[in-house]
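K.L.:
Kindly return the folded structure for what I paste below:
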Amino acid sequence: MMRRTWAGIVAGAAGTTALNTVTYLDMAVRGRGASSAPEDVVHRLSARTHVPVPGEAEARENRASATGALLGILTGVGVGALYGASRALPWRPAPPLAGLATGLAAMAGSDLPMALLKVSQPRTWRPADWLSDLVPHLVYGAVTAAAYEMLGPGRQSPSAA
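P.N.:
Prediction:
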């Protein structure tokens, strides 16, 4: 089980890198700015928990921005760990279906906190907004599933083949 979870963590890190790459590529192609949502989540969590983001002015904003990015990485790696652990269950869908489910789980892991904290209201998103959110998460799921298949237990090493 631990080997599967660690393989999932590594696969989730690969998926997170792919998600970030697709997101930044979209920003470069369309000339759109970065979302402030992760930083806004940090500020809302800070207000709700009464745990201030340390620093003044620019340093505080930089810390909130970095913490928001780290929460995104944590979500990607965490969903990857869950993916790896789930591969020990008796029902194991094929990697394409598992990748789709994993991408949607990662999307829920980032969108639900934003909605619950009223940082963003997905119900009001336009189709282009949904597409900008969906595509990187689907890439995340596909890469996470593929990486896990390459790393996971039961995989023969090249020297054993």
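K.L.:
surely residue 79 meets residue 109?
P.N.:
Yes. Here residue 79 reaches residue 109: they are 5.8 Å apart, a contact under C-beta atoms under 8 Å. Bear in mind the C-beta positions are built from the backbone N, C-alpha and C, glycine included.
K.L.:
Those two - which one has more neighbours?
P.N.:
Between residue 79 and residue 109, counted using other C-beta atoms under 10 Å, residue 79 has the larger neighbour count: 27 against 18.
K.L.:
quick one: contacts for residue 120?
P.N.:
Contacts for residue 120 were tallied using C-beta atoms under 8 Å, 6 or more residues apart in numbering; they are 37, 40, 111, 114.
K.L.:
Am I right that the third one is in contact with residue 122?
P.N.:
So the one you mean is residue 111. Yes. Contact status for residue 111 versus residue 122: in contact at 5.7 Å, counting by C-beta under 8 Å.
K.L.:
the more surrounded of those two?
P.N.:
Taking other C-beta under 10 Å, residue 111 and residue 122 do not tie; residue 111 has more neighbours (18 against 13).
K.L.:
What distance do you get for that one to residue 123?
P.N.:
For residue 111, the distance to residue 123 (C-beta to C-beta, to the nearest Å) stands at 11 Å.
K.L.:
Can you get me a residue count around residue 124?
P.N.:
Applying other C-beta under 10 Å, we find 7 residues neighbouring residue 124.
K.L.:
Does residue 63 touch residue 55 like I think?
P.N.:
Yes. Using C-beta under 8 Å, residue 63 is in contact with residue 55, at 5.6 Å.
K.L.:
what about those two, which has more around it?
P.N.:
residue 63 (15 against 12).
K.L.:
need the contact list for the more buried one.
P.N.:
With C-beta under 8 Å, 6+ apart, residue 63 has these contacts: 53, 54, 55.
K.L.:
so which strand or helix has the residue positioned nearest the centre of the chain?
P.N.:
The centroid of the chain falls nearest to residue 76 when counting by C-alpha atoms, centre = their mean (3.3 Å). Element membership of residue 76 [criterion: DSSP states H and E] is helix 57-86.
K.L.:
hang on, isn't residue 80 packed against residue 13?
P.N.:
Yes. Taking C-beta under 8 Å as the definition, residue 80 is a contact partner of residue 13 at 6.7 Å.
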